[in-house]
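>>> Pasting the sequence and the predicted model now:
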Amino acid sequence: MGFLYPIYFLFTIFLLFVIMMYFFRKQYETKTIPSVLLWKEWMYEYEAQAWWKKLQHHLLMYLQLFILLLLIFALVKPFYEMKGLEGEHIVFIFDTSASMGTLENEGKTRLELSKEQAMQLISQVDNQKITVLEAKSTPALFNEAGNTKRDWLNTVESLQLSYAQSNITDSIVLAQGLIGESTGQIYVFTDQYDKRDELPTINDGISLHVQNVGSATENVAVHTFGVAKRHDEIIGITTIYNESLKAKEVELIIYGDGEKINEQTTDVDAQSTVTVSLQDLTPAFYYEAVITGDEAYKLDNNQFTFLIEEQPSDVYLHSGIHPFVTKAVEIGGANTIHVSGSSNGENAGVHFVKGLDQEEWPVGPKVVFGHKGAKNPIEGKYRLDAQHRLLHLVDMQNVYIANAYDTEIEGLETIVDAEGVPLIQAGTYEGYPIVVLGFDIEDSDWPLHPSFPLFFYNSLQFLLEKSSLIGYFIPGEILNYDVSPLVENLELINGDHITKMEGLDEPIELPVEPGLYTIRETYEDKVEEKYLYILLEDSEKTITPAPSFSIGADKVEREEGLIVRDVSFIFLLLAFFLLLIEWEVYRRAISS
């Protein structure tokens, strides 16, 4: 039991004033009377009365003191703490990030322990509204599956790890918005949230309970890993972090394209980082660093990286290419080679061609200017896909284009158009990246704008990128993957698990579990495989839990899982009841 405002106990000094008032009350007067015989009879009767009746002469003082004491107790707001649920709306927020998959002593993950706690609380709900939120980067709200406890228990039970970084603060803001003007409680089930200084203001009538689940701290993680080619040697570097409270001996194994190529042992001090240099690595496309040393949290025990070799930067400029384009390509650092006539496709590099039919296009990455056919005048504003990598730092809204060819290449994405007329398209053509400009440079003032060389620099990066590597992604990210029209089958492979992609022209929702994945493209006569790596974010490479805490509707910080019950109203009721008794005692006293 406790008191919210114990300073009001100072008012107990008024008890002394009440007692002093009785000391100075009116005394008896001395009078001469003819006889005391009747008084003697009354004294005999008084002495025969019960003891509690004799107290009647002082009962008023006792009652007044007791009433005053009860009012003082009501002012100091006495309360007691108990486990339970209060409020009209209960919101459960679940952290489903990777660290919630840490195994605890019971052999259960932190998420499983969180779900058990939440289900125990749901069993205490009595005609209260329940909402379940998942604390992703954008908080996810679970639609109500029903109004029974069983429905909500099933909803909580179905939660799975998302492996993505959590956003607890925004989830709390959303939870308060859902509760609105009513009263309620917010339960946050996480493991490392201790940002009390970043907490939003908790509205009146709402209690916040942050349950940081778990106790495990034994963890070793691969923090960084990279390889590079220096002269004729492949070198690498990796950093290993020991989160544990004691030093550990860690075995580091390096794999190249799945084959073990290096193995060594290193000592890592408690709560410190060690850097390991790797020399003379066997050539491979992708490498994996694996460590041993902990069993509770294995997701950060390995990391992949790719050996990105420099691609040939030769650019073959075919007949008709504008001199300004040549200059922009040279600014981008490419080695330009002028080619007369058509190419047979034997030249390895990027080809810039103009005015050729599709059948005459050279094999390989290419930039195509214009088409054969009639030109149409361009009117109106341009629509740009500003998120496309080719348009990074490129603004074409003020570029003047007089005419363009109203021809769209099937299978390519239009990234700039003017009222339906495709101006710039990009994608994959016959297995190679391609950029198509649907207008002639001489029909525009684009070379006079600073975005002109930037666009061709972005184009060279797009065309020269190593085709076997798609890139690095976070769990659950949406991949806008360009698929050639010649692809007949598209599959996402993770070990022995193969997922067939049904819609070839639709974005791919990547898996949530970190690891190396392969996208397999099947053509009529060949199969191509490309790699992507879903990485574990750095914030998910530590597992030390933070202390749990609660902040109630009265803004008083309390222990985890306890709810305040204000009992001051009980003292007010007792004071009112004693006031009635005092009135009755006084009435009887004056009537007798």
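Structure received.

>>> mind checking how far the closest residue to residue 228 other than its chain neighbours is from residue 259?
Nearest non-adjacent residue to residue 228, counting by Cβ to Cβ, 6 or more residues apart in numbering: residue 235, 6.2 Å away. Yep, even glycine has a C-beta here, placed from its N, CA and C like the rest. Distance from residue 235 to residue 259, counting by Cβ to Cβ, to the nearest Å: 18 Å.

>>> right, and the residue nearest to residue 228 touches residue 281 too?
Yes: Residue 235 is within contact range of residue 281, at 6.8 Å (criterion: Cβ atoms under 8 Å).

>>> shared neighbours of those two, which are they?
residue 227 (Cβ atoms under 8 Å, 6 or more residues apart in numbering).

>>> neighbour count winner among these two?
Legend: neighbour count by other Cβ atoms under 10 Å for residue 235 and residue 281, higher for residue 281 (19 against 15).

>>> who touches the more buried one in this structure?
Residue 281 neighbours (Cβ under 8 Å, 6+ apart): 227, 234, 235, 236, 254, 256, 261, 262, 287.

>>> ok, the strand or helix carrying the fourth one: who's next to it in the sheet?
What that stands for is residue 236. Of the helices and strands defined by DSSP states H and E, residue 236 is found in strand 233-242. Sheet pairing of strand 233-242 (DSSP bridges) gives strand 220-230 (antiparallel), strand 272-278 (antiparallel).

>>> mean pLDDT lowest for which of those strands?
Looking at the strands paired with strand 233-242, the lowest mean pLDDT belongs to strand 220-230 (a mean of 90).

>>> Now the residue nearest the centre of the chain: which helix or strand?
By Cα atoms, centre = their mean, the mean C-alpha position of the chain lies nearest to residue 166, the distance being 2.3 Å. Counting by DSSP H and E, no helix or strand carries residue 166.

>>> wait, it sits on residue 93?
No: if you go by Cβ under 8 Å, residue 166 and residue 93 don't touch, sitting 9.2 Å apart.

>>> tell me, what's touching the two both at once?
Shared contacts of residue 166 and residue 93 (Cβ under 8 Å, 6+ apart): 135, 190.

>>> name the element residue 15 belongs to?
Per DSSP H and E: residue 15 is located in helix 13-23.

>>> ok, and what's touching that helix?
With Cβ under 8 Å, 6+ apart, helix 13-23 has contacts from 61, 64, 65, 68, 69.

>>> how near is the fourth one to residue 573?
If I follow you right, that is residue 68. 16 Å.

>>> Quick one: end-to-end length of stretch 202-216, please.
End-to-end distance for stretch 202-216, by Cα to Cα, to the nearest Å: 30 Å.

>>> Show the average pLDDT along that stretch.
Computed over stretch 202-216, the average pLDDT equals 89.

>>> again with stretch 119-139
The average pLDDT for stretch 119-139 rounds to 87.

>>> Can you point out the buried residues in it?
Buried residues in stretch 119-139, counted by 16 or more other Cβ atoms under 10 Å: 119, 121-122, 128-136, 139.

>>> Could you dump these into JSON lines with distance to residue 30 and secondary structure added?
JSON lines is the format used below for the buried residues of stretch 119-139 (distance: Cβ to Cβ, whole Å; DSSP: H, G, I helix; E, B strand; the rest coil):
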{"residue": "119", "distance to residue 30": "81", "secondary structure": "helix"}
{"residue": "121", "distance to residue 30": "74", "secondary structure": "helix"}
{"residue": "122", "distance to residue 30": "78", "secondary structure": "helix"}
{"residue": "128", "distance to residue 30": "72", "secondary structure": "coil"}
{"residue": "129", "distance to residue 30": "76", "secondary structure": "strand"}
{"residue": "130", "distance to residue 30": "78", "secondary structure": "strand"}
{"residue": "131", "distance to residue 30": "80", "secondary structure": "strand"}
{"residue": "132", "distance to residue 30": "83", "secondary structure": "strand"}
{"residue": "133", "distance to residue 30": "83", "secondary structure": "strand"}
{"residue": "134", "distance to residue 30": "88", "secondary structure": "strand"}
{"residue": "135", "distance to residue 30": "85", "secondary structure": "coil"}
{"residue": "136", "distance to residue 30": "91", "secondary structure": "coil"}
{"residue": "139", "distance to residue 30": "86", "secondary structure": "coil"}
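
>>> Please save the CA atoms from the strand holding residue 236 in CSV.
The C-alpha trace of strand 233-242 is given here as CSV (Å, rounded to 0.1, in the frame of the first residue of the first chain):
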residue,chain,number,x,y,z
GLU,A,233,45.0,-11.3,-54.0
ILE,A,234,41.5,-11.6,-52.3
ILE,A,235,41.5,-10.3,-48.8
GLY,A,236,38.7,-10.0,-46.2
ILE,A,237,38.0,-8.5,-42.8
THR,A,238,35.4,-9.4,-40.2
THR,A,239,34.6,-8.0,-36.8
ILE,A,240,33.2,-10.2,-34.0
TYR,A,241,31.4,-8.8,-30.9
ASN,A,242,31.2,-10.6,-27.6
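
>>> Would you mind measuring from the residue nearest to residue 569 when sequence neighbours are not counted to residue 543?
Closest residue to residue 569 apart from its sequence neighbours, by Cβ to Cβ, 6+ apart: residue 74 at 7.7 Å. Distance, residue 74 to residue 543, by Cβ to Cβ: 47 Å.

>>> before we move on, what about residue 380?
Between residue 380 and residue 543 the computed distance is 56 Å (Cβ to Cβ).

>>> So between those two, which is more surrounded?
For residue 380 and residue 543, the more surrounded residue by other Cβ under 10 Å is residue 543, and the numbers stand at 26 against 9.

>>> On the three-state scheme, that one is what?
Here residue 543 is recorded as coil under DSSP: H, G, I helix; E, B strand; the rest coil.

>>> Return the per-residue confidence for residue 300.
For residue 300, the predicted pLDDT is 93.

>>> Could you tell me how far the helix holding residue 15 lies from the centre of the chain?
Relative to its chain's centre, helix 13-23 lies at 62 Å (Cα atoms, centre = their mean, to the nearest Å).

>>> Over to stretch 109-129?
Counting by Cα atoms, centre = their mean, stretch 109-129 comes out at 21 Å from the chain centroid.

>>> And stretch 231-245, by the same measure?
28 Å.

>>> next one: stretch 490-503
Centre to centre, stretch against its chain (Cα atoms, centre = their mean), the figure for stretch 490-503 is 27 Å.

>>> again, but for stretch 416-429
That offset, for stretch 416-429, works out to 36 Å (Cα atoms, centre = their mean).

>>> what's the answer for stretch 497-506, then?
Relative to the chain's own centre, stretch 497-506 is displaced by 27 Å; criterion: Cα atoms, centre = their mean.

>>> end to end, how far does it reach?
By Cα to Cα, one end of stretch 497-506 lies 21 Å from the other end.

>>> quick one: average confidence on that stretch?
For stretch 497-506, mean pLDDT rounds to 79.

>>> And stretch 425-442, by the same measure?
pLDDT averaged over stretch 425-442 gives 85.
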